[in-house]
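K.L.:
turn this into a structure:
(2 chains)
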Amino acid sequence: RKEVEQDPGPFNVPEGATVAFNCTYSNSASQSFFWYRQDCRKEPKLLMSVYSSGNEDGRFTAQLNRASQYISLLIRDSKLSDSATYLCVVTSNSGYALNFGKGTSLLVTP
Amino acid sequence: SQTIHQWPATLVQPVGSPLSLECTVEGTSNPNLYWYRQAAGRGLQLLFYSVGIGQISSEVPQNLSASRPQDRQFILSSKKLLLSDSGFYLCACDTGTSAYEQYFGPGTRLTVT
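P.N.:
Residues are numbered from 1 along each chain as shown, chains lettered A, B, ... in the order given. Next up, the predicted model:
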């Protein structure tokens, strides 16, 4: 079983739509969780950390379910600029390394 | 906040040639430093990490090596490149205080021919 699994997509949605991405992870000892955004041929950039109680940052909402080892990202009112690959990330056993999913591709169309 | 510099941005090297990629960090002291590789169609793979000068941990055995000669300098090297070394090499850092949040440099895109 892969450490972090994501639906690769692509998700094609119109502007203004709401879209949700899901992610599962295998290491029940993982302590920290993140969503990163990666534009084509660019470095990943931290979008938001994910907290147990769930957290929101503007149009973005992240949820964590430790029992199911499941993380989600909800994007409301999608913008063209949201088009990117979204990477689900969890900490590994080593405590230093991060395990990255392969990413979910989002294309927002006019 | 920290800034990560990487060079070169792109590189085309023949099989069997040596490699040296450099990463420098500004705006923070004593960071934890990381080298990742992203091959085409694959996720990020951690290659090395360092918690201090001269301290290197390898996550994946291969023909690459890393060194940290200064607090904010991290170097990735190879004596002889393989075709399979092609990929997008990313340097990252964290401050060790922000729950493992890592920040990435702009990366080096390496093509081995």
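
K.L.:
checking A:Ser81 next. Helix, strand or coil?
P.N.:
When classified by DSSP: H, G, I helix; E, B strand; the rest coil, A:Ser81 comes out as helix.

K.L.:
how about it, what does it touch?
P.N.:
A:Val108 (Cβ atoms under 8 Å, 6 or more residues apart in numbering or on different chains). Just so you know, the C-beta spots here come from the backbone N, C-alpha and C atoms, and that holds for glycine as well.

K.L.:
B:Ser86 reaches B:Val112, doesn't it?
P.N.:
Yes. Under the criterion of Cβ atoms under 8 Å, B:Ser86 makes contact with B:Val112 at 4.7 Å.

K.L.:
and the helices in chain B, which stretches?
P.N.:
Applying DSSP state H to chain B gives no helices.

K.L.:
which residues of it lie near chain A?
P.N.:
For chain B, the residues in contact with chain A (Cβ under 8 Å from any Cβ of the partner chain) are B:32, B:34, B:42-44, B:46, B:49, B:51, B:57, B:59, B:88, B:90, B:99-107, B:109.

K.L.:
one more time with 6 Å
P.N.:
B:43-44, B:46, B:49, B:90, B:99-102, B:104, B:106-107 (Cβ under 6 Å from any Cβ of the partner chain).

K.L.:
what sits against the residue nearest to the spatial centre of chain B?
P.N.:
Nearest residue to the geometric centre of chain B (Cα atoms, centre = their mean): B:Trp35, 2.9 Å. Neighbour list for B:Trp35: B:47-48, B:66, B:76 [criterion: Cβ atoms under 6 Å, 6 or more residues apart in numbering or on different chains].

K.L.:
likewise B:Ser1?
P.N.:
Residues in contact with B:Ser1 (Cβ under 6 Å, 6+ apart) are B:Gly27.

K.L.:
and B:Gln2, by the same measure?
P.N.:
With contact set as Cβ under 6 Å, 6+ apart, B:Gln2 has these partners: B:25, B:27-28, B:93.

K.L.:
quick one: which of those residues has the most company?
P.N.:
Within the contacts of B:Gln2, most neighbours by other Cβ atoms under 10 Å in any protein chain shown means B:Cys93, with 25 neighbours.

K.L.:
what pairs with that residue across the strands?
P.N.:
B:Cys93 has the following beta-bridge partners by DSSP bridges: B:Leu33, B:Tyr103.

K.L.:
where does the chain dip in pLDDT?
P.N.:
Since no chain was named, I'll use chain A. A:1, A:94-95 (pLDDT under 70).

K.L.:
my question was about chain B
P.N.:
In chain B, residues with pLDDT under 70: B:61, B:96-99.

K.L.:
repeat that for 80
P.N.:
The model of chain B has pLDDT under 80 over residues B:1, B:41, B:61, B:95-100.

K.L.:
show me the strands in chain B, by range?
P.N.:
Assigned strands in chain B, in chain order: B:3-7, B:10-13, B:19-26, B:32-38, B:44-52, B:55-58, B:64-70, B:73-78, B:87-94, B:103-104, B:108-112 (criterion: DSSP state E).

K.L.:
please enumerate residues in contact with the last one?
P.N.:
When contacts are taken as Cβ under 6 Å, 6+ apart, the neighbours of strand B:108-112 outside the stretch itself are B:6, B:8, B:10-13, B:15, B:21, B:81, B:83, B:85-86, B:88-89.

K.L.:
if we use 8 Å, what do you get?
P.N.:
Strand B:108-112 is contacted by residues A:41, B:6-15, B:19, B:21, B:81-89 when judged by Cβ under 8 Å, 6+ apart.

K.L.:
no more questions from me, cheers.
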